[in-house]
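Student: Attaching a predicted model along with its sequence, questions to come.
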Amino acid sequence: MYLRELHLLSERVGRPSAYPFNIPAIRGLDKLSFRSNVTFFTGENGSGKSTLLEAIAYQSGFHTGGGGRNNAYELASSESHLGEAIRLSWLPKTSQGFFLRAESFYSFASHVDEIAREDPDVYRAYGGRSLHERSHGESFLALFENRFNRPGLYLLDEPEAALSPARQLIFLRHIHELQRKSQLIVATHSPILLGYPHAEIYHFHESGIKPIRYEDTETYQITRRFLENRAFYLNELLEEEPEF
């Protein structure tokens, strides 16, 4: 493990009523400890999990649009107000790793192509060809298999976005191999990824950020209830509106 604790520095918080400090989970944050090689952030959309992951990336020196320390390209999300207001405690500190965010992956792939125009050997780190020449899921797996192979800190924001359930299972194997020598922090809605054994799961909620058991996560419970009671849920959700 590398990253041990995260502290929110109250003296660096801007207006508490302004984004992102007005997000309930962030507003109640004091410190967060990391006790496992694999940590998951889970919670509803807008709960702050991706925002905090981006702040960690910022303080780690990674491009907040996605990439490592040596990636520099223009993207609207290249600043992090929350990142300026946190302190990370390391033992030992690492400069190696990667920040993956699904929503800006296209821009990162284009950045790789731009570098490759000057140095085609760059593609070796991504399976030998442009990430744009594959499906979204294939390009994600190419990144996992070829770039995620050094000890370091890997921050992944919704990596399941491009992966079918079968490929999420393949990705679990990559997580398992990588965690032997690295630390991963993953923001996800996937009940498959959250099922990785011995991981620590933090639930982002209006009441704060708290550890949670896999079986108690909303993702697990909603998915299980739907699969076990599909007809009931569909009837409740899709029944026709009464005519007046």
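Tutor: Now that the structure is in, tell me what you want to look at.
Student: So, low pLDDT: which residues of this protein?
Tutor: Applying pLDDT under 70 to the chain flags residues 67-79, 102-106, 240-244.
Student: Strands of that one, residue ranges please.
Tutor: 3-8, 31-33, 38-43, 86-90, 97-101, 153-157, 183-187, 200-205, 208-211 (DSSP state E).
Student: who's in contact with the shortest one?
Tutor: Where contact means Cβ atoms under 8 Å, 6 or more residues apart in numbering, the residues beyond strand 31-33 that reach it are Arg4, Glu5, Leu6, His7, Leu8, Tyr202, Ile209. Backbone N, C-alpha and C define where each C-beta goes, glycine included.
Student: where do the helices sit along the chain?
Tutor: Using DSSP state H, the helices found in the chain span residues 24-27, 49-60, 105-116, 136-147, 165-178, 191-194, 218-228, 230-238.
Student: Can you report how many residues neighbour Leu52?
Tutor: Per other Cβ atoms under 10 Å, the neighbour tally for Leu52 reads 28.
Student: Contacts only, for it.
Tutor: By Cβ under 8 Å, 6+ apart, the neighbours of Leu52 are Leu6, Ala25, Ile26, Leu29, Phe41, Leu82, Phe204, Ile209.
Student: how many neighbours does Thr39 have?
Tutor: For Thr39, using other Cβ under 10 Å, the count is 21.
Student: Likewise for the one 4 residues further on?
Tutor: Taking other Cβ under 10 Å as the criterion, the count of residues near Gly43 is 22.
Student: So for Gln96, which of the helices of the chain sits nearest?
Tutor: Within the helices of the chain, the stretch nearest Gln96 is helix 49-60; the backing value is 9.8 Å (Cβ to Cβ).
Student: Centroid-nearest residue for the protein?
Tutor: Centroid-nearest residue in the chain, with Cα atoms, centre = their mean: Asp157, separated by 2.1 Å.
Student: ok, what's across the strand from that residue?
Tutor: Asp157 has these beta-bridge partners by DSSP bridges: Arg101, Ala187.
Student: I figured Tyr126 hits Phe148, correct?
Tutor: No. Contact criterion Cβ atoms under 8 Å: Tyr126 and Phe148 do not qualify, at 11.1 Å.
Student: about what we covered before: between the contacts of Leu52, which is closest to Gln179?
Tutor: Distances from Gln179 to the contacts of Leu52, taken by Cβ to Cβ, are shortest for Phe41, at 16.0 Å.
Student: gap between the closest one and Arg15?
Tutor: 25 Å (Cβ to Cβ, to the nearest Å).
Student: In contact with Tyr123: list those residues for me.
Tutor: Applying Cβ under 8 Å, 6+ apart, the residues near Tyr123 are Val112, Ala116, Arg129, Ser130.
Student: could you dump these to CSV with distance to Ala166 and neighbour count?
Tutor: Below are these laid out as CSV (distance: Cβ to Cβ, whole Å; neighbours: other Cβ atoms under 10 Å):
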residue, distance to Ala166, neighbour count
Val112, 26, 21
Ala116, 30, 16
Arg129, 23, 14
Ser130, 24, 16
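Student: Rebuild those residues as JSON lines, extending it with distance to Leu100.
Tutor: Shown next, in JSON lines, are those (distance: Cβ to Cβ, whole Å):
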{"residue": "Val112", "distance to Leu100": "13"}
{"residue": "Ala116", "distance to Leu100": "19"}
{"residue": "Arg129", "distance to Leu100": "19"}
{"residue": "Ser130", "distance to Leu100": "17"}
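Student: now, which of those residues sits nearest Leu53?
Tutor: Closest approach between the contacts of Tyr123 and Leu53, by Cβ to Cβ: Val112, at 21.4 Å.
Student: gap between the nearest residue to Leu169 once chain neighbours are set aside and Phe171?
Tutor: Leaving aside its sequence neighbours, Leu169 sits nearest to Ile192 (Cβ to Cβ, 6 or more residues apart in numbering; 6.5 Å). For Ile192, the distance to Phe171 equals 9 Å [Cβ to Cβ].
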